[in-house]
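Student: Fold the following for me, if possible:
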Amino acid sequence: MQERKNDGYVGSYERLVDYGSQDGKEEKYLEIVDGKDIQDLYQVSQDNFYKIPGSPIAYWASKNIIRDFENGTSLGKIVNAKQGLATANNNRFLRQWFEVNINRIGFHCNNIEESVESRKKWFPYNKGGAYRKWYGNYDYVVNWQNDGYEIRHFVDSRGKIRSRPQNTDFYFKPAVTWSLITSSLFSMRYRLPGSIHDVSGMSLFYKDQDLKIIMGLLNTKVGQYLLSILNPTINFQIGNIESIPLLKLNYGNSEEIIQSNIALSRRDWDAFETSWDFKRSPLLVNKAVTLEQAYNNWSQEALDRFNQLKANEEELNRIFIDLYGLQNELTPEEDDKEVSVRKADQVRDIKAFLSYFIGCVFGRYSLDQDGLSYAGGDWNASLYSIFKPNKENIILLTDRQYFDDERDIIVRLREFLSKSFDSDHLTDNMNFIAQTLDPKKFERGVSAEQIIRDYFVNDFYKDHAKIYQKRPIYWEFNSGRNKGFKALMYLHRYTPEQLAMVRQYLHDLQPAMNDLIEIDNDLLDQETTASAKSKYRKIISTLNKQMNELVKYDQVLDHLSQSPVDLDLDDGVLANHDKLQQGEKLLTKL
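Tutor: Numbers count the residues shown, from 1 in each chain. As a prediction, the model looks like this:
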């Protein structure tokens, strides 16, 4: 054995990380040197460093921590910690799951053989993601058609293979996973069978229940503390995780708590429409008379879930703190920010309800059934009886009502609310939405309808694009800054005839807008006060600008509709969006 230098050497260390500014650190350092403060002074034998994998200079590590590293079995001897697929071109081979035809995704394959037999093209892809414990971050799919043939044969100009399909024997296996780079706190999630992992979604593979115990440890304060000793940065490599010591002890009821945590986190993840297991708006899960009552029910449900998960996590902290003998260094209590399920948020959740409404307008969802009703493939009209989708796959966004049929956004919303809740409370529900979206305008007496119209005209698409990570599935046709013509379309229902239909909607709008200009001109002539005349002049001026904008936009639609464009959902939102634009300002920019 190679002789270590300075065996038995005792060094003195001053811990200054808790003193933020340089001046604060210098002041504390001088106090320690002068003997005025010995709380942050550590005198440690260098031999202790050799007892921790990688020999980090963790001078603050207690005797109990050193003992844990000595007595525990490093995870690297228990589990398989593996990096996964490196595609070499994520833009080509990855998609957000909601971009593609849902029928081409293989969600439940247990191995490569099943993936090949399924004849699917896209498969769930574990790419790490944001801070979230226990369950979630199911965002991406990867093109692994025919055992990844296209990726395996992806070469550069010299014919050299660029991709790296590593550890393929572990593809589709259950795992616990973490993100390579974190913003602050470490978080680990259980990954169901059926995914391929990449180099950022690092994963551990082993027996299912043992994996959950390991995840439980690493999601506690004990796990955070052990990792901070092994690696004080925010970049957690496989080697750091493999060095964590697991004690062979009785973990009590921790397994039940961990299973509960997974279930709680999954219910939270699936309550939002960016989950592929989303069923319906959580405001429509429990029968409620009014939308406000539905929101209050949901708010209580989310709060109960949050509080239960927090209590569970604190109980796990207690269990592992006791097992690892760290009662003098750690406490079990958690800050709310460490709990990664969501409480209710009235603005966010009402906007999400309106997004679900738009999904029903286009047939993505149906009030008759849970889950996705249409996201590509063959259209089935029999799935919709309570609330029927718009036939032409278009809904107008106008700042006032021009039509009293399915072309108008508020007409459809009123119908939707009447079908979702007691129709006697339609006004109450409209008011609740408006008051949530813009309480100041509502207090000033602006009508609920106008506030909601303004939201759809001005802000809905921006919110939608943000929630869908700039890969929106509802596209906005936009004539320009004067907002003369705006309409939404559902990408998955697009056909090459769509632009001609959009142009027809524009043609329907022009005479209706002309009629309104004539009415406002008559009202202007009848007014006697200067303020009233000024009001109508502004309205007429705006309408004329919008009409001029419509004329120019009609030329764009005419030009593009002459050469119908085929879109392929497999190409993804960005490529298809650019393809439909064809250099013209047709759609709102992503």
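
Student: Quick one: residues contacting the closest residue to residue 96 other than its chain neighbours.
Tutor: Across the structure, with Cβ to Cβ, 6 or more residues apart in numbering as the measure, the residue nearest residue 96 apart from its sequence neighbours is residue 471 (4.8 Å). In this view, the C-beta of every residue, glycine as well, is placed from N, C-alpha and C. Residues counted as contacts of residue 471 (Cβ atoms under 8 Å, 6 or more residues apart in numbering) are 96, 98-99, 572-574, 590.

Student: okay, the residue nearest to the spatial centre of the chain: pLDDT?
Tutor: The residue at the geometric middle of the chain, judged as the C-alpha nearest the mean C-alpha position with Cα atoms, centre = their mean, is residue 274 (6.1 Å). According to the model's per-residue confidence, residue 274 sits at a pLDDT of 98.

Student: Ok, residue 258 next?
Tutor: Note on residue 258: pLDDT of 97.

Student: Kindly report the same for residue 532.
Tutor: According to the model, residue 532 scores 71 on pLDDT.

Student: Show me which positions of the helix or strand harbouring it end up buried.
Tutor: Under DSSP states H and E, the secondary-structure element containing residue 532 is helix 530-561. The neighbour-count criterion (16 or more other Cβ atoms under 10 Å) identifies 536, 539-540, 543, 546-547, 549-550, 553-554, 556-557, 560-561 as the buried residues of helix 530-561.

Student: So residue 112 versus residue 172, what's the distance?
Tutor: Here the criterion is Cβ to Cβ, to the nearest Å. By it, residue 112 lies 7 Å from residue 172.

Student: Among these two, which residue is more densely surrounded?
Tutor: Neighbours of residue 112 and residue 172, each counted by other Cβ atoms under 10 Å, are more numerous for residue 172; the result is 25 against 17.

Student: What about the contacts of residue 471, which one has the most neighbours?
Tutor: Most surrounded of the contacts of residue 471: other Cβ under 10 Å gives residue 99, at 26 neighbours.

Student: tell me the contacts of it?
Tutor: Applying Cβ under 8 Å, 6+ apart, one finds that residue 99 lies in contact with 471, 473, 569, 572-573.

Student: And for residue 267?
Tutor: Contacts for residue 267 (Cβ under 8 Å, 6+ apart) come out as residue 305.

Student: separation between it and residue 260?
Tutor: In this structure, residue 267 lies at 11 Å from residue 260, with Cβ to Cβ as the measure.

Student: same deal with residue 361?
Tutor: Going from residue 361 to residue 260 by Cβ to Cβ gives 37 Å.

Student: In terms of neighbours, single out the busier of these two.
Tutor: The neighbour comparison of residue 361 against residue 260 (other Cβ under 10 Å) goes to residue 361, with 25 against 15.

Student: all strands of the stretch 101-250 of the chain, in order?
Tutor: Taking DSSP state E, counting those that start in this stretch, the strands of the stretch 101-250 of the chain run over residues 122-126, 140-143, 164-165, 175-179, 188-191, 196-197, 201-205, 245-246.

Student: Grab the nearest non-local neighbour of residue 171.
Tutor: Once flanking residues are discounted, residue 171 sits nearest to residue 196: 4.8 Å by Cβ to Cβ, 6+ apart.

Student: any low-confidence regions in this structure?
Tutor: In the predicted model of the chain, residues 1-62, 182-183, 233-234, 520, 522-525, 527-528, 533, 536 satisfy pLDDT under 70.

Student: How is it partitioned into domains?
Tutor: Here the domain parsing of the chain from automatic domain parsing is 10-77, 80-338, 346-581.

Student: Can you get me a residue count around the residue lying closest to residue 556 once chain neighbours are set aside?
Tutor: Among residues not flanking residue 556 along the chain, residue 584 sits closest, at 4.9 Å (Cβ to Cβ, 6+ apart). With neighbours defined by other Cβ under 10 Å, the count for residue 584 comes to 13.

Student: Go ahead and confirm residue 584 touches residue 560.
Tutor: Yes. The criterion here is Cβ atoms under 8 Å, and residue 584 meets it with residue 560 at 6.1 Å.

Student: which residues does residue 245 contact?
Tutor: Under the contact definition (Cβ under 8 Å, 6+ apart), the residues listed for residue 245 are 68-69, 71-75, 226.

Student: mind running it again at 7 Å?
Tutor: If a contact means Cβ atoms under 7 Å, 6 or more residues apart in numbering, then residue 245 has 68-69, 72-74 as its contacts.

Student: Just list whatever residues bridge to it.
Tutor: Using DSSP bridges, the bridge partners assigned to residue 245 are residue 74.

Student: quick one on the thing from earlier: which residues do residue 584 and residue 560 both contact?
Tutor: Once Cβ under 7 Å, 6+ apart is applied, it turns out that residue 584 and residue 560 contact no residue in common.

Student: Can you report phi and psi for residue 341?
Tutor: Geometry field for residue 341 lists phi and psi as phi -100, psi 160, criterion degrees, to the nearest 10.

Student: cool, and residue 82?
Tutor: Phi and psi for residue 82, reported as degrees, to the nearest 10, are phi -130, psi 140.

Student: which one is it nearest to, not counting chain neighbours?
Tutor: Closest to residue 82 by Cβ to Cβ, 6+ apart is residue 167, at 4.2 Å.

Student: Around residue 297, how many other residues sit close by?
Tutor: Per other Cβ under 10 Å, the neighbour tally for residue 297 reads 17.

Student: Identify the residues contacting it.
Tutor: Contacts here follow Cβ under 7 Å, 6+ apart; on that basis residue 297 touches 286, 288.

Student: Which phi and psi values does it adopt?
Tutor: Reported as degrees, to the nearest 10, the phi and psi values for residue 297 are phi -60, psi -50.

Student: need the buried residues of helix 530-561 in JSON lines with distance to residue 255, can you?
Tutor: Shown next, in JSON lines, are these (distance: Cβ to Cβ, whole Å):
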{"residue": "536", "distance to residue 255": "72"}
{"residue": "539", "distance to residue 255": "67"}
{"residue": "540", "distance to residue 255": "71"}
{"residue": "543", "distance to residue 255": "67"}
{"residue": "546", "distance to residue 255": "63"}
{"residue": "547", "distance to residue 255": "68"}
{"residue": "549", "distance to residue 255": "63"}
{"residue": "550", "distance to residue 255": "64"}
{"residue": "553", "distance to residue 255": "61"}
{"residue": "554", "distance to residue 255": "65"}
{"residue": "556", "distance to residue 255": "61"}
{"residue": "557", "distance to residue 255": "61"}
{"residue": "560", "distance to residue 255": "59"}
{"residue": "561", "distance to residue 255": "61"}
